[in-house]
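Undergrad: Sequence first, predicted model second:
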Amino acid sequence: MSEHAQLSQDCGAYVLGALEEHEAAALREHMESCALCRDEVRRLQAVAEVLGLGVPALDAPPELRRRVLEIVNAEASLFDAATAAPSVRPSRRLLGLRPFGALVAAALALGALFGALVLAPGGSVTRVITASVAPPARWHAARVPVASLRETGTEGQLLVSDLPAAPRGKIYEVWIETGAQVRPTDVLFDATSSGAARVAVPDLRGASAVLVTAERLGGARVPTMAPLIDARLS
Amino acid sequence: MPLLPRHRATPSPSGLRELADEDLMALVRHGEARAFEVIYDRHSGVAFSLAYRMCGTRTAAEDVVQESFLSLWRSGARYDRTRGSVRTWVLGIVHNRAIDSLRRSINHDRRRASDEGIEERFEAPEHTEVEVARRDDAREIRAALDELPEDQSRVIELAFYGGYTHTEIAAMLEAPVGTIKGRMRLGMEKMRRTLEGAGVVVAS
């Protein structure tokens, strides 16, 4: 049986997310040179995308709405306080405000790039962790990016500069390592034209590291490569 | 969220409800909680319905929906309108999170038991145009699935709503893996033709 005849059988299972990761990787590689399979996957993907609607319609419970909006409103207020506080002293602004440059400057000023503590405007402690990045040969770019993770409570923010655009057909995916396990997040991102990226990393509870790899456009369920960025929390 | 100045010219609450999802997402990216609220109100029903169908318990479904919307709020910058509607994107997040939840769950096989008569308590009333359209699409999709031969609809449901891989399904149904993959492909292709005919999926 030809490669095409064999791998095209996998198109339905692929869009349903039902292939084993090595099979999905083989089909993705095959699709790079096979327009027939690419088209079939694109057509079937449109069906997979609406399957989520084909379930009995329920309303979300009102208490869930209250809970979610409470968290969102609290975070929006904190964000407002952080961005619109004209009376904050300059040093505090440098430490607490959002721009990446200020954050790195703050970490440098504290003389500790690894595990620097930053006081956020709300008074909560933010730890800034400098991430390890893969060597130049793995980046397809002249410069290697600089990355740091900002950890406040169980929330994280990954800040990267000089980040090359993800390779064609790929996107950067954030993973959370908990001991020996690595779990995917919903966080997929790419560099902006200036090479910067700033992404929220959800739920760091129990996390030992935050990792970044380059994966296919929809993201993967298990990493298909060694991490490009590795921020160690413990 | 991107390094951009905060958007200050936010429309009034009633104005926000007139905006398309894609325009609301631009505001959500800049930390506008009221824009997020409109997105939540528009899509929490489909999100909860899918999460409940997949997880089988109200608590797990609520956790999945809460995590999904908070992830949307905190990293809305990932939404790319060229890759589909906000609704599809939300459902994609919910689907991924529900699968994670199922695979984490020790009682993976016990979740089918429905709890609390939830379908009756939370059944969505058809009171808005959006809700009616959602019901129409849901009916077409359900009908397309029901029209398939049972062996095809079953493997699609186990994979998509159950989060099982084809090898797990093959073991469960005691069938060769090639047969399972073949049924998935045939069934999805038939559904595509049906749903394109009904206008639920755009023909390509």
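TA: Yep, it's here. The model shown is predicted, which means the values in this text are computed figures rather than measured ones.

Undergrad: so which helix or strand takes in the residue nearest to residue B:66 when sequence neighbours are not counted?
TA: Counting by CB to CB, 6 or more residues apart in numbering or on different chains, the nearest residue to residue B:66 once its immediate chain neighbours are dropped is residue A:68, at 5.5 Å. Bear in mind the C-beta positions are built from the backbone N, C-alpha and C, glycine included. The secondary structure element spanning residue A:68 is helix A:62-83 (assigned by DSSP states H and E).

Undergrad: and that helix, average pLDDT?
TA: In this model, helix A:62-83 has a mean pLDDT of 81.

Undergrad: Now find how far off-centre that helix is within its chain.
TA: Taking the mean C-alpha point of helix A:62-83 and that of its whole chain, the gap between them comes to 22 Å (CA atoms, centre = their mean, to the nearest Å).

Undergrad: Which secondary structure state is assigned to the residue positioned nearest the centre of chain B?
TA: Against the mean C-alpha coordinate of chain B, by CA atoms, centre = their mean, the closest residue is residue B:91 at 2.7 Å. Using DSSP: H, G, I helix; E, B strand; the rest coil, the structure places residue B:91 in helix.

Undergrad: contacting residues around it?
TA: A:49, A:52-53, B:46-47, B:50 (CB atoms under 8 Å, 6 or more residues apart in numbering or on different chains).

Undergrad: Now do stretch B:80-89: distance to the chain's middle.
TA: For stretch B:80-89, the distance to the chain centre is 12 Å (CA atoms, centre = their mean).

Undergrad: Dump that stretch to PDB, restricted to CA.
TA: Written as PDB, here are the backbone C-alpha positions of stretch B:80-89 (Å, rounded to 0.1, in the frame of the first residue of the first chain):
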ATOM      1  CA  ASP B  80      -7.400  35.100  15.200                       C
ATOM      2  CA  ARG B  81     -10.500  36.000  13.300                       C
ATOM      3  CA  THR B  82      -9.100  34.600  10.000                       C
ATOM      4  CA  ARG B  83      -9.100  31.100  11.600                       C
ATOM      5  CA  GLY B  84     -12.800  31.000  12.400                       C
ATOM      6  CA  SER B  85     -15.600  32.400  14.500                       C
ATOM      7  CA  VAL B  86     -15.400  33.200  18.200                       C
ATOM      8  CA  ARG B  87     -18.000  30.500  18.900                       C
ATOM      9  CA  THR B  88     -15.900  27.900  17.100                       C
ATOM     10  CA  TRP B  89     -12.800  29.100  19.000                       C
END
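
Undergrad: Give me the contact status of that stretch with chain A.
TA: Yes. Residues of stretch B:80-89 are located near chain A by CB under 8 Å from any CB of the partner chain, namely B:84, B:88.

Undergrad: So residue B:173 is in contact with residue B:180, correct?
TA: Yes. The pair residue B:173 / residue B:180 is scored as a contact, 7.1 Å apart, by CB atoms under 8 Å.

Undergrad: Give me the more crowded residue out of those two.
TA: In this view residue B:173 and residue B:180 are compared by other CB atoms under 10 Å in any protein chain shown, and residue B:180 has more residues nearby, 28 against 15.

Undergrad: what is the rounded mean pLDDT of the helix or strand hosting that one?
TA: Assignment of secondary structure by DSSP H and E places residue B:180 within helix B:177-198. Averaged across helix B:177-198, the pLDDT comes to 96.

Undergrad: So is that helix next to chain A?
TA: Yes. Using CB under 8 Å from any CB, helix B:177-198 reaches chain A at B:178, B:180-189, B:191-192, B:195.

Undergrad: Just the buried subset of the residues you listed, please.
TA: Members of these that pass the buried threshold by neighbour count (16 or more other CB atoms under 10 Å in any protein chain shown) are listed as B:180-189, B:191-192, B:195.

Undergrad: Most widely separated two among those?
TA: Looking at these by CB to CB, the two members farthest from one another are B:180 and B:195, with 22.1 Å of separation.

Undergrad: And the helices in chain A, which stretches?
TA: For chain A, helices defined by DSSP state H occupy the ranges A:3-7, A:11-15, A:21-31, A:35-51, A:62-83, A:90-96, A:100-109.
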